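The sequence isn't on hand, but the structure is:
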């Protein structure tokens, strides 16, 4: 790290040094200036669920959270399961000035888990991430076929690791809290079973697998073993799985209801350690907006799974882990940009680089109350956090800025 000014001109970093002058300035005293954050797991809900979020509102929320690029997941209606449909999402994203929007293609048609989507056509169109997120790829046979096809393109399957036969009808983690509340729980093995299956298939086919929202210590162990064997495996963890454990559900608050569920205190410690060590490669938000009637008002039993996360992610990670600047920007920006193929993002702040930047004050305290997102289903509401995004710059233009105290 150096103490310096950053000058931006014509969408690029023009100079880095002391005493630089410009017509318009952003006060960054005490803050970190680094590459804009990149999210490999964002639900933008368009097409089909625009009452929760759309590409434009999600992009604004991303900018407010320090993001300059996001990868949209495929659980929309219809799902992006053809070259034309993924191009529609990309065209909509191109019209949004706040962030770069990419999309994953669905692995199976309609994400129904019955037959493969036209993976080759989508890959020929430039798609490099594929996911049936919201569900695991339904069978080992489909997963194996998909890995064989996508390995030829250097593409990645981003896997929602959940064996639905073990989680049907479940609300929270299977453990002391589920027993206390008298509700069905999701066992940790539902996650590790799918991970183990996919690691074996990756070893056979050479296909790359990215494990989404890792939540258990056993999952961390499997991923560490796979990496030690040299398999093309990467993984992510969410800010909420780094922050909360299943005891938050004792009050039946539906804002803590998500998949995978919040796990035990020991699991939280394990995923934190894995992120520190690089066994888990990146932080991803799993930003999952829902309307109020689908969450708080619906209650625990009927409420939707998932929370918003773009606007609180950096602060939550900073609060939970207290990374140095280099590790912080690696896990939220550099590593996800590299994995996601976002070539104009995630680079060190050097002269000539595209000006996709985040200004983050690691010491500022604040409490989330309002959101730019169309939805507000966040367990961080009213929770004091340390660290705040002061400004976001995308292609040389400030897309988000707050007045410092």
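Nice, thanks for sending it over. Nothing here was measured: the structure is a model prediction, and the numbers come from that model.

How about the contacts made by the closest residue to residue 145 other than its chain neighbours?
Spatially, and ignoring its direct neighbours in sequence, residue 145 is nearest to residue 116 (6.0 Å; CB to CB, 6 or more residues apart in numbering). Any C-beta I mention is one placed from the backbone N, CA and C, and that applies to glycine too. Contact analysis of residue 116 by CB atoms under 8 Å, 6 or more residues apart in numbering lists 107, 108, 109, 142, 145, 146, 149.

isn't residue 364 right next to residue 387, touching?
Yes - under the criterion of CB atoms under 8 Å, residue 364 makes contact with residue 387 at 6.6 Å.

Compare these two (neighbour count), which wins?
Legend: neighbour count by other CB atoms under 10 Å for residue 364 and residue 387, higher for residue 387 (22 against 19).

Okay, and the more buried one sits in which element?
According to DSSP states H and E, residue 387 maps onto strand 385-394.

and that strand, what does it pack onto?
Applying 3 or more CB pairs under 8 Å, 6 or more residues apart in numbering; DSSP states H and E, one finds that strand 385-394 makes contact with helix 55-64, strand 67-72, helix 313-321, strand 357-366, strand 397-401.

which outside residues touch the second one?
It refers to strand 67-72. 35-44, 55, 58-59, 62, 89, 93, 99-104, 129, 310, 337, 340, 342, 344-345, 356-358, 392-394, 399.

Which residues are in contact with residue 298?
254, 304.

do residue 366 as well
315, 384, 385, 388.

for the helix or strand hosting residue 190, packing partners?
Assignment of secondary structure by DSSP H and E places residue 190 within helix 189-205. Packed against helix 189-205, as judged by 3+ CB pairs under 8 Å, 6+ apart, are the following elements: helix 140-151, strand 156-159, helix 164-167, strand 208-211, helix 217-228.

if we go to 7 Å?
Here helix 189-205 touches helix 140-151, helix 164-167, strand 208-211, helix 217-228, going by 3 or more CB pairs under 7 Å, 6 or more residues apart in numbering; DSSP states H and E.

between it and helix 217-228, how big is the angle?
Orientation of helix 189-205 against helix 217-228 (axes from the mean of the first three to the mean of the last three CA atoms, to 10 degrees) gives an angle of 10 degrees.

Give me the contact list for helix 189-205.
136, 140, 143-144, 147-148, 151, 159, 161-163, 166-167, 209, 211, 215-216, 218-219, 222, 226, 231-233, 260 (CB atoms under 7 Å, 6 or more residues apart in numbering).

in that helix, what's buried?
190-199, 201-202, 205 (16 or more other CB atoms under 10 Å).

Same check on stretch 39-54?
Buried-residue list, stretch 39-54, by 16+ other CB under 10 Å: 39-47, 49, 52-54.

Quick one: end-to-end length of that stretch, please.
End-to-end distance of stretch 39-54 (CA to CA, to the nearest Å): 16 Å.

chain center to that stretch, what's the gap?
A distance of 13 Å separates the centroid of the chain from that of stretch 39-54, by CA atoms, centre = their mean, to the nearest Å.

contacts for that stretch?
55, 58, 62, 67, 70-73, 75-78, 92, 212, 236, 282, 284-291, 310, 336, 339-340, 373-375.

Repeat that for stretch 327-344.
By CB under 7 Å, 6+ apart, stretch 327-344 touches 34-40, 69, 71, 100, 102, 128-129, 234, 275, 281-283, 314, 317-318, 345-346, 354, 356.

Give me the distance between the two termini of it.
20 Å.

Verify the contact between residue 255 and residue 295 for me.
Yes - if you go by CB atoms under 7 Å, residue 255 and residue 295 touch, sitting 6.4 Å apart.

Put together JSON lines for the helices and strands packed on strand 385-394, with mean pLDDT on each row.
Shown next, in JSON lines, are these (pLDDT from 0 to 100):
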{"stretch": "helix 55-64", "mean pLDDT": "98"}
{"stretch": "strand 67-72", "mean pLDDT": "98"}
{"stretch": "helix 313-321", "mean pLDDT": "98"}
{"stretch": "strand 357-366", "mean pLDDT": "97"}
{"stretch": "strand 397-401", "mean pLDDT": "96"}
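
Comparing the ones you listed, which comes out most buried?
By mean neighbour count, with neighbours taken as mean count of other CB atoms under 10 Å, strand 67-72 ranks first of the helices and strands packed on strand 385-394 at a mean of 30.

so the helix or strand following that one versus helix 55-64, what angle?
Of the helices and strands lying after strand 67-72 in sequence (DSSP H and E), the nearest is helix 83-94. Helix 83-94 and helix 55-64 are oriented at 50 degrees to each other (the same axes, to 10 degrees).

now helix 83-94: mean pLDDT?
When pLDDT is averaged along helix 83-94, the result is 97.

name the helices or strands packed onto that helix?
strand 100-103, helix 119-124.

picking that back up, hey, which of the helices and strands packed on helix 189-205 is tucked in deepest?
Mean neighbour counts for the helices and strands packed on helix 189-205 (mean count of other CB under 10 Å) peak at strand 208-211, with a mean of 24.

Mind giving me the packing neighbours of that one?
strand 156-159, helix 189-205, strand 233-237.

Distance from it to the middle of the chain?
The answer for strand 208-211 is 14 Å, by CA atoms, centre = their mean.

Neighbouring strands - and their directions - for that strand?
strand 156-159 (parallel), strand 233-237 (parallel) (DSSP bridges).

which other residues reach that strand?
Here strand 208-211 has contacts from 156-159, 161, 195, 198, 202, 223, 232-236, using CB under 7 Å, 6+ apart.

A helix includes residue 241, no?
Yes - Residue 241: assigned to a helix according to DSSP: H, G, I helix; E, B strand; the rest coil.

quick one: which of the strands paired with strand 208-211 is nearest residue 21?
strand 233-237 (40.5 Å; CB to CB).
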